[in-house]
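> model this:
(one chain, ligands or ions: 1)
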Amino acid sequence: MKDGQGGPSGRIILADNLPVLREMDARSVHLIYIDPPFNTGKAQQRTRIRVDRDEDGDRTGFQGARYRSTVIGSSSYDDRHDDYLAFLAPRLREAHRVLAPTGSLFFHIDYREAHYCKILLDDVFGRASFMNEIIWAYDYGARSKRKWPAKHEAIFWYAKDPGAYTFNFDEMDRIPYMAPGLVGKEKAARGKTPTDVWWHTIVSPTGGEKTGYPTQKPLGVLERIVKVHSNPGDTLLDFFAGSGTTGEAAARNGRNYILVDSNPEAVRVMAERLGGYGAVRATVPGGSDRPQPEARITQDGD
Ligand SMILES: C[S@@+](CC[C@H](N)C(=O)[O-])C[C@H]1O[C@@H](n2cnc3c(N)ncnc32)[C@H](O)[C@@H]1O
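Next up, the predicted model:
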């Protein structure tokens, strides 16, 4: 993963994450954060499409390449919930396999799906490996007048080995006391360490952090995870990477990273976002090897 100049380096892969995970070496990754798309509960008809490179094709993909799409079938699911868990299960098993002995998984999920996913995670990692349910709480957007406004998401932390895992307590950022008048001046100025409830604003729709990719998570939340649960030089993995927030948190803190997403737009956003941090390889299986200013694009297996 090193770029040859001693700094951290990153890899971005455009692909379905399951075959990528299956190819990875066991125990090769020190920290995994994932934020899988959750089941919305909306009726979904799934259409299976085959996409082939074709200059006269109907779609434009990564780096402007043209593709032709052919519908090869469609299916709907009576039990969409079971389908979602069946989608996650093999990926979580691979995540467990590729984690280093002292590694951890952070699993970010919508509050409506969290409890079902927790049972699946307990099954894959073992109940003893469950360390925390972190609640990311924010306070933005419309407020229901018919029930308590839902303003949180869950992040489950599982340690591969609950007896030996990376936890850099001194790397925690500090937060203000709620009642600073009740503690000494010095303590109040230093702040306190966070609990399992993390108050952090969403990515501002108008701020500089925004990439434009929907579902982008705040860098502050990811940096806290990266600093406390990994060490400089470690390799971090996000296989539902979206806009690449995990990659930016890794790069800013001297960690290597591997980002996987099946959406060409996500890979484009990530390559642009991370190009400024140094060595980034964006890999498009069977794709173009033309270099971009912000990232070197290479063939898979390069
Ligand atoms: C909720 S978003 C992740 C957002 C990310 N945490 C961020 O901060 O930008 C989930 C991502 O998973 C990707 N995805 C869904 N299914 C996938 C699969 N089978 N393989 C790889 N990526 C997938 C989607 O394209 C989407 O970008």
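> mind listing the helices for this structure?
17-23, 80-98, 114-125, 185-190, 219-229, 245-252, 264-274 (DSSP state H).
> Turn these into CSV, including mean neighbour count.
(C-beta placed from N, C-alpha, C; glycine too.) Shown next, in CSV, are the helices of the chain (neighbours: other C-beta atoms under 10 Å):
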stretch, mean neighbour count
helix 17-23, 16
helix 80-98, 17
helix 114-125, 17
helix 185-190, 11
helix 219-229, 21
helix 245-252, 26
helix 264-274, 22
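> can you tell me which of these the model trusts least?
Confidence, taken as mean pLDDT, is least for helix 80-98 of the helices of the chain (a mean of 91).
> If you compare the directions of it and helix 114-125, what angle comes out?
Helix 80-98 runs at 40 degrees relative to helix 114-125, counting by axes from the mean of the first three to the mean of the last three C-alpha atoms, to 10 degrees.
> what about the strands in the protein?
Applying DSSP state E to the chain gives strands spanning 10-14, 29-34, 45-53, 59-60, 66-76, 99-110, 130-137, 152-159, 197-199, 235-238, 256-261, 280-284, 296-299.
> follow-up on the earlier one: including distance to the ligand, could the helices of the chain go into TSV?
Formatted as TSV, these follow (distance: least, C-beta to the nearest ligand atom, whole Å):
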stretch	distance to the ligand
helix 17-23	4
helix 80-98	7
helix 114-125	14
helix 185-190	30
helix 219-229	7
helix 245-252	3
helix 264-274	4
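> May I see the ones you listed organised as CSV, with distance to residue 151 added?
Shown next, in CSV, are these (distance: least, C-beta to C-beta, whole Å):
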stretch, distance to residue 151
helix 17-23, 29
helix 80-98, 23
helix 114-125, 14
helix 185-190, 27
helix 219-229, 14
helix 245-252, 20
helix 264-274, 26
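> related to what we said a few turns ago, the strands of the chain: which one's closest to residue 90?
The closest of the strands of the chain to residue 90 is strand 29-34. By C-beta to C-beta, the value is 13.5 Å.
> circling back: for residue 166, find the nearest of the helices of the chain.
Residue 166 lies closest, by C-beta to C-beta, to one member of these: helix 219-229, at 5.5 Å.
> That closest one packs against which elements?
When contacts are defined as 3 or more C-beta pairs under 8 Å, 6 or more residues apart in numbering; DSSP states H and E, helix 219-229 sits against strand 29-34, strand 99-110, strand 152-159, helix 245-252.
> got JSON lines for the ones you listed, with distance to residue 222 too?
Formatted as JSON lines, the helices and strands packed on helix 219-229 follow (distance: least, C-beta to C-beta, whole Å):
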{"stretch": "strand 29-34", "distance to residue 222": "7"}
{"stretch": "strand 99-110", "distance to residue 222": "9"}
{"stretch": "strand 152-159", "distance to residue 222": "10"}
{"stretch": "helix 245-252", "distance to residue 222": "4"}
